[in-house]
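*Asks:* Attaching a predicted model along with its sequence, questions to come.
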Amino acid sequence: MSGLDFGVLSTAHVLGRPLPVDGLLGPDASEAARRALDARGYRRYHRAGDGTGVTDLAAEAATRAIEKAGLEPGRIDLLVVALTDVAEHLYWDAAAAVQARIGAHRAEAILIGQACSSGVVAFDTVAGRFATHPAYRTAVLVGANRVCEAYWDRADAGTSVSSDGAAAAVLVRDHPRLRWRATEVITDGRYADLMRLSSGGTARPFDPDERHRPTVGRLTDRAAEFFGGDGRAALRFAATVRARHRTVVERACARIGITTDDLARVIYLHDTGPAFTELAAELGIPVELTNRDLALDAGHLGAADPLYSLEQHLSRGELVAGDTVALLSIGTGMHWACTLITV
C-alpha cells in the first residue's frame, strides 16, 4: 500500500508550568485523600497560565514542529487537531482556528474529539486522507489538552492527574523514518454516558439561574450511578478495559504480521502508576517497556500523550531504527485505539 506510506519528519511539544501534585489538595485535605493521590504515582503536573487556551497550545506546538521540519506553513496540505477537553468557544471550529494561527492557509483542517484516544486515532485520519488525496504530501498532527477547570477537577474527575500541553508531528508521504504501519480502534457505545457533563448540550442547555455550577462529577460517583451501585458490574467493566487494550494491540500487530512480542515499547496514555502495572501484566511485557516514568513526570496530557512520550523516548535514545512501537490509548465513548510506528 505505497499510497499510505508516510512517516514522521519532526515532532515538538509545549507544556504548561510544572507544579507539585500535592498542591492540588487544599490544606484541609484528609490524610486518606493525600494517600490516595500519592498512590497514583504522579510526581508533578503542568498547568497553563490563565488566558491560555487549548488552541494557543496547539498552534505553538504545531509551529515548533513545522519549524523543526524546515517547512513553510503554506506548504502544509492537511492539519489534524485532536482535542480532549472542550475548546475555548462553542459553535466554533478549533481546527480551522489553529490552521489560521499557524499560517497553513491551503491545508484542509480536521477536528477530532474522541477524548483521550483522539491523538492515536488521528494517525488513521491522516492515512485515510493520504489514500484518497494523492496530491497531499505533508500533514501536521497535533494533540492538545487544556483542562477546563470550571467543569473538570484535575485530580478528582478521572483516574489520572490532568495536565495542560500539546504535542505535534509533521507527517510526510514516503518519508522513510518513523513510518505509520497500522491503526486499530474498538468502540463500545454502551459506556458513552459514563463520562459526560449533563448540562450544556441541547438536551439541557446551560441555565444562568441554576443554583449549582455544572461540573463533571467525581469518577467514583459517576461510576456508582452508571452501574447502579452494582460493584460486580464495575469490576467487569475494569476487566473489559484491560482486555480490550490487549485486543486492540493484537489486532494492530496482526495487520502487519507481527505479535506483541515484537514490540520494542508500548506507549500508553499517561495514566497512573498502578494502571501501567496492570497494562504490562495484561500485555505480558515488562513495565519498563512502557512510558510509565515519562507519564508520571508529565501528568496526563490527554490527546497529546502519545506524541509527547514518543518524542521523549526518541530524544533519550531509547528507540532505534527498526523498532516498532505501539501508541495505545483509551477515550470516553468508549474507544480503544492503537497505532503502530516503525522507527
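*Replies:* Yes, it's here.
*Asks:* Flag the shaky bits of the protein, pLDDT-wise.
*Replies:* 1-3 (pLDDT under 70).
*Asks:* and the most centrally placed residue in it, how far is that from A166?
*Replies:* Residue closest to the average C-alpha location in the chain (CA atoms, centre = their mean): A303, at 2.2 Å. Applying CB to CB, to the nearest Å, the value for A303 to A166 is 9 Å. (C-beta placed from N, C-alpha, C; glycine too.)
*Asks:* which residues do the two both contact?
*Replies:* When contacts are counted by CB atoms under 8 Å, 6 or more residues apart in numbering, A303 and A166 have 143-145 as shared neighbours.
*Asks:* Any chance of a markdown table for those, columns secondary structure and neighbour count?
*Replies:* Below are those laid out as a markdown table (DSSP: H, G, I helix; E, B strand; the rest coil; neighbours: other CB atoms under 10 Å):
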| residue | secondary structure | neighbour count |
| --- | --- | --- |
| G143 | strand | 33 |
| A144 | strand | 35 |
| N145 | strand | 32 |
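*Asks:* Just the closest of those residues to A33, please.
*Replies:* The closest of the shared contacts of A303 and A166 to A33 turns out to be N145 (CB to CB; 23.9 Å).
*Asks:* ok, the closest one to T11 distance?
*Replies:* Applying CB to CB to N145 and T11 gives a distance of 16 Å.
*Asks:* Same check on V248?
*Replies:* 23 Å.
*Asks:* Quick check: closest non-adjacent residue to R204.
*Replies:* Spatial nearest neighbour of R204, excluding adjacent residues (CB to CB, 6 or more residues apart in numbering): S198 at 6.2 Å.
*Asks:* Need the three-state assignment for H89.
*Replies:* coil (DSSP: H, G, I helix; E, B strand; the rest coil).
*Asks:* correct me, but E282 touches H245?
*Replies:* Yes - here E282 reaches H245: they are 5.9 Å apart, a contact under CB atoms under 8 Å.
*Asks:* So which of these two has more stuff around it?
*Replies:* Neighbour tally, E282 and H245, criterion other CB atoms under 10 Å: the higher count belongs to H245, 23 against 17.
*Asks:* could you say what helices and strands the helix or strand containing the more buried one packs with?
*Replies:* Assigned by DSSP states H and E, H245 falls within helix 231-255. With contacts defined as 3 or more CB pairs under 8 Å, 6 or more residues apart in numbering; DSSP states H and E, the packing partners of helix 231-255 are strand 179-187, helix 273-283, strand 324-331, strand 335-342.
*Asks:* Now do the buried residues in that helix.
*Replies:* Across helix 231-255, burial judged by 16 or more other CB atoms under 10 Å covers 234, 237, 240-241, 244-249, 251-253.
*Asks:* That one versus strand 179-187: what angle between them?
*Replies:* Helix 231-255 runs at 150 degrees relative to strand 179-187, counting by axes from the mean of the first three to the mean of the last three CA atoms, to 10 degrees.
*Asks:* Give me the residues contacting the next helix or strand after helix 231-255.
*Replies:* Following helix 231-255 in sequence order, the next helix or strand is strand 265-268 (DSSP H and E). Applying CB under 8 Å, 6+ apart, the contact partners of strand 265-268 are 249, 275-276, 279-280, 283, 285, 289-292, 295, 305-306, 309-310, 313, 318-319, 323, 325-329.
*Asks:* Any idea how far strand 265-268 is from the middle of the chain?
*Replies:* Its chain's C-alpha centre and that of strand 265-268 lie 13 Å apart, by CA atoms, centre = their mean, to the nearest Å.
*Asks:* so what's H300 up against?
*Replies:* Per CB under 8 Å, 6+ apart, neighbours of H300: 45, 116, 145, 158, 160-163, 269-271.
*Asks:* Correction: the previous question concerned H245.
*Replies:* Taking CB under 8 Å, 6+ apart, we find H245 in contact with 279, 282-283, 328, 330, 336.
*Asks:* Recalculate using a threshold of 6 Å.
*Replies:* By CB atoms under 6 Å, 6 or more residues apart in numbering, the contact set of H245 is E282.
*Asks:* ok, now how distant is it from S198?
*Replies:* The value you get for H245 to S198, if CB to CB is used, is 28 Å.
*Asks:* Please parse this protein into its domains.
*Replies:* Per automatic domain parsing, the structural domains of the chain span 2-176, 182-342.
*Asks:* Show the end-to-end separation of the last one, please.
*Replies:* Which is domain 182-342. Start to finish, the residues bounding domain 182-342 are 10 Å apart (CA to CA, to the nearest Å).
*Asks:* Tell me how far stretch 221-230 lies from the chain's centre.
*Replies:* On the basis of CA atoms, centre = their mean, stretch 221-230 sits 25 Å off its chain's mean C-alpha point.
*Asks:* CA atoms only for it, dumped as CSV, please.
*Replies:* Extracted as CSV, the C-alpha positions of stretch 221-230 are listed here (Å, rounded to 0.1, in the frame of the first residue of the first chain):
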residue,chain,number,x,y,z
ASP,A,221,-19.8,8.9,42.0
ARG,A,222,-20.4,8.7,38.2
ALA,A,223,-19.4,5.0,38.2
ALA,A,224,-21.7,4.3,41.1
GLU,A,225,-24.6,6.0,39.3
PHE,A,226,-23.9,4.5,35.9
PHE,A,227,-23.6,0.9,37.2
GLY,A,228,-26.5,1.4,39.6
GLY,A,229,-24.3,0.6,42.6
ASP,A,230,-23.5,-2.8,41.2
